[in-house]
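Q: Take this sequence and fold it.
(2 chains)
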There are 2 protein chains.
Amino acid sequence: MDRVAVIGASMTKFGQRDAWIRELLSQAGEECLADADVEPDEIDHLYVSNMASGEFEGQGGTPNLLAHDLGAIPAYTERIDQTSSSGGAGIYAAWRSIASGASDMTLLVGGEKMTHKTTAEATDVIASITHPAEYKHGLTLPSFAGMTARRYLHEHDAPRESLGKVAVKNHKNGVDNPNAQFQKEVGLDTVLESPIVADPLRLYDFCPITDGSAALLLCPESVAKEHADEYAVISGIGGATDTHVVHERDDPTVMGGVVDSGEEAYEMAGIGPDDIDVAELHDMFTILEFLQMEGLGFAEQGEAWKEMDKGTTERDGELPINTSGGLKSKGHPLGASGIAQAVEIYEQVLGEAGPRQVDADVGLACNVGGFGNCVITTIMEAAQ
Amino acid sequence: MDRVAVIGASMTKFGQRDAWIRELLSQAGEECLADADVEPDEIDHLYVSNMASGEFEGQGGTPNLLAHDLGAIPAYTERIDQTSSSGGAGIYAAWRSIASGASDMTLLVGGEKMTHKTTAEATDVIASITHPAEYKHGLTLPSFAGMTARRYLHEHDAPRESLGKVAVKNHKNGVDNPNAQFQKEVGLDTVLESPIVADPLRLYDFCPITDGSAALLLCPESVAKEHADEYAVISGIGGATDTHVVHERDDPTVMGGVVDSGEEAYEMAGIGPDDIDVAELHDMFTILEFLQMEGLGFAEQGEAWKEMDKGTTERDGELPINTSGGLKSKGHPLGASGIAQAVEIYEQVLGEAGPRQVDADVGLACNVGGFGNCVITTIMEAAQ
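A: Numbering: from 1, shown residues only, chains lettered A, B, ... in the order given. Now for the predicted structure:
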């Protein structure tokens, strides 16, 4: 079977944008087509990853609107929502679109417009994806993160500083990403002395609320060869849920969806964690980077913090993680985040990451929905 | 390649339901699994077709919640939104899920909970899917329907009564559907004397606002053979957009998305309109049944009304249309409607439609998003 290729990628500036969802999606879509030198009328399927444009700005029907704005009609369109992993879900949907033979050219555009809402308003929308039994007791995603971090530090005798170092590393990486919301370094003291949000986690352990969009263009490898000398292939992809009631998990420091989706992706790609050269992990909260490192086999259970201390995941380390700056510095426009992770992997494996470039042929992106309620893991390789 | 099989189907009672989206989805999902005698842990992909549970009741994350309620975790989950064709889009997504090899057992559940909202509130949400250039001038879906009906009657010298007969026929069929919102016949006079909504269309030319859910269980044909003696296959499926700005269409009485998605589905199935024994068309407005009949090749351009007059599409006619009662009597819970169409086709081709049964081996369902802004056509056959 033809492998599924990626021949174009783009992301808009992430941050507080003076643009509505329609404009953000359109910008990323146009830039992605330009990147691949593909005309809009070559697209036959168009997917939009977006969690809540209806709730955030009263805008429905974004896929049809985008098909109009790009000139892609009569392409088939669809919106994909998988909460904060809508972007990764979109990649999986686009992959199936090509792998099933339904499409020969699928454009995937994800985005979210959120910063015009107050934090309380945005949190209300986001919290509606958690189980009512927990939400009604005041458990939002940040509070899960706080409790999980506390447990992790206790169980594994890890220092609080190790979590802070995740924020420091990702901010440092983000300095070289012109599309990041925060292009500035932060010191460890700044992180550790920032206001408490969910004890022991503080403001700098959390990603911001963000507007932005990102896009990928997918096609069968046989079509990719006609369009580009260089392209990437999605060699492995998988998705899985974990208990929707977070407190039902046997071990709160293990994310089953990460483990299951990772195993599925590794199996499809025929490789393992040691073969990964670079990874983008969903650092919505600093603690999540550790949980994903362990769930994906990049570190033993309870030892991710030691790798952080050793510098393994720095840009010049053995396994650079979040070279893009991660959600932490890049920002987290829900529907775009998972796609922007893949954009970074695409650029890294093709050697197009500029000042962020590391030595990488194979990369992995892990996109986490809710508090690990659904996770999508994607492995991308430079085409041989 | 393994064909994509359907081994289970269900729909809840449609109407004004004293249940939230969570309960509706769960009911249809459980009944579908029971219908196929499949356990929840056999599902590996779970899709929810739903347009706007966030806007209608502040509920996000429905796919993960449903996976929890059904006991389907760690199945991968995703929400599909394609406005009023979310159900058809879900069928297409589930088809790709199986056809790509990503899943061996995909449960698709669609639903919407709307009746707790006022008509104005519901209309606000629905109108947000139309192009702002038209919406801002007061053009909602019903007003498009009124103008298109006026044009159709004028162009084709068709009597107003022919539209009324669509409503009469579909209500008559709905009497035998215990899950229909309105199980009652209406006379032609009642339709023609009902209050004007969008001239020349009157109240009985429109489907109601509805709560409800419907589900399908899909798997590769090789797996279907292990589970059931009788099953259906999706032999053809296609989706396409038409101009998002409705007034940009060359001929307002031709729906390009119907034509394109139909051609795609016929081509995949290797058949034509003459091979279809029964069809479910998206009669959100009576005029739409005519436009789809013509777009799908069941009648010549401008002549669908003559077939209606001749009784061709009655239950005992040559090509029965909307034997379920259609959206007109069954109701239109957005995310469920396209799936409920396929449920009827499934039951018809397997001979399980009870008092509504017609002689049919091959059926077609056409699900229309917006005012034909995106359309999905599905062809289903009894397995040989």
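Q: Now do the helices in the stretch 101-250 of chain A.
A: A:119-127, A:132-135, A:141-155, A:160-174, A:188-192, A:221-227 (DSSP state H, counting those that start in this stretch).
Q: for the second one, which positions count as buried?
A: So that's helix A:132-135. Under the neighbour-count criterion of 16 or more other CB atoms under 10 Å in any protein chain shown, helix A:132-135 has residue A:134 buried. (Each C-beta comes from the backbone N, C-alpha and C, glycine too.)
Q: which stretch among the helices of the stretch 101-250 of chain A comes nearest chain B?
A: If you check each of the helices of the stretch 101-250 of chain A against chain B by CB to the nearest CB, helix A:119-127 wins as the nearest, at 6.8 Å.
Q: Looking at the helices of the stretch 101-250 of chain A, which one is packed in the most?
A: helix A:160-174 (a mean of 23; mean count of other CB atoms under 10 Å in any protein chain shown).
Q: tell me the mean pLDDT for that helix?
A: On average, the pLDDT along helix A:160-174 is 98.
Q: got the CA coordinates for that helix in PDB?
A: Output of helix A:160-174 as PDB, limited to C-alpha atoms (Å, rounded to 0.1, in the frame of the first residue of the first chain):
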ATOM      1  CA  ARG A 160      10.100  20.400  42.400                       C
ATOM      2  CA  GLU A 161      12.800  22.100  40.500                       C
ATOM      3  CA  SER A 162      12.700  19.400  37.800                       C
ATOM      4  CA  LEU A 163       9.300  20.500  36.700                       C
ATOM      5  CA  GLY A 164      10.400  24.100  36.600                       C
ATOM      6  CA  LYS A 165      13.300  23.000  34.300                       C
ATOM      7  CA  VAL A 166      10.700  21.800  31.700                       C
ATOM      8  CA  ALA A 167       9.300  25.300  31.600                       C
ATOM      9  CA  VAL A 168      12.800  26.900  31.400                       C
ATOM     10  CA  LYS A 169      13.900  24.500  28.500                       C
ATOM     11  CA  ASN A 170      10.700  25.000  26.500                       C
ATOM     12  CA  HIS A 171      10.800  28.800  26.800                       C
ATOM     13  CA  LYS A 172      14.500  28.700  25.700                       C
ATOM     14  CA  ASN A 173      13.600  26.700  22.600                       C
ATOM     15  CA  GLY A 174      10.700  29.000  21.900                       C
END
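Q: Can you give the contact residues for it?
A: A:149, A:153, A:180, A:182-188, A:191-192, A:200-201, A:204-205, A:283, A:286-287, A:289-290, A:305, A:308-309, A:313-315, A:321-326, A:328-330, A:356 (CB atoms under 8 Å, 6 or more residues apart in numbering or on different chains).
Q: how many neighbours does the spatially closest residue to residue A:358 that is not a sequence neighbour have?
A: Using CB to CB, 6 or more residues apart in numbering or on different chains and skipping residues adjacent in sequence, the residue nearest residue A:358 is residue A:320, 4.7 Å away. Residues near residue A:320, counting by other CB atoms under 10 Å in any protein chain shown, number 24.
Q: By mean pLDDT, flag the weakest helix or strand of chain A.
A: helix A:132-135 (a mean of 89; mean pLDDT, DSSP states H and E).
Q: Pull the distance from it to the chain's centre.
A: Helix A:132-135 has its average C-alpha position 25 Å from the chain's average C-alpha position, going by CA atoms, centre = their mean, to the nearest Å.
Q: same for that helix, what does it pack against?
A: With contacts taken as 3 or more CB pairs under 8 Å, 6 or more residues apart in numbering or on different chains; DSSP states H and E, helix A:132-135 sits against no other helix or strand.
Q: follow-up on the earlier one: wouldn't the residue nearest to residue A:358 be in contact with residue A:276 here?
A: No. The criterion here is CB atoms under 8 Å, and residue A:320 misses it with residue A:276 at 10.2 Å.
Q: Residue A:5 pairs with what?
A: residue A:219, residue A:233 (DSSP bridges).
Q: Quick one: distance of stretch A:111-121 to the chain centre.
A: 18 Å.
Q: So what's the model's average confidence on the host helix or strand of residue A:368?
A: Assigning secondary structure by DSSP states H and E places residue A:368 in strand A:362-369. Confidence for strand A:362-369, expressed as mean pLDDT, is 98.
Q: Check stretch A:61-80 too.
A: Taken as a whole, stretch A:61-80 has an average pLDDT of 98.
Q: got it, and stretch A:291-306?
A: Averaging pLDDT along stretch A:291-306 gives 98.
Q: again, but for stretch A:103-120
A: The model assigns stretch A:103-120 a mean pLDDT of 97.
Q: so how far does it reach from one end to the other?
A: 41 Å (CA to CA, to the nearest Å).
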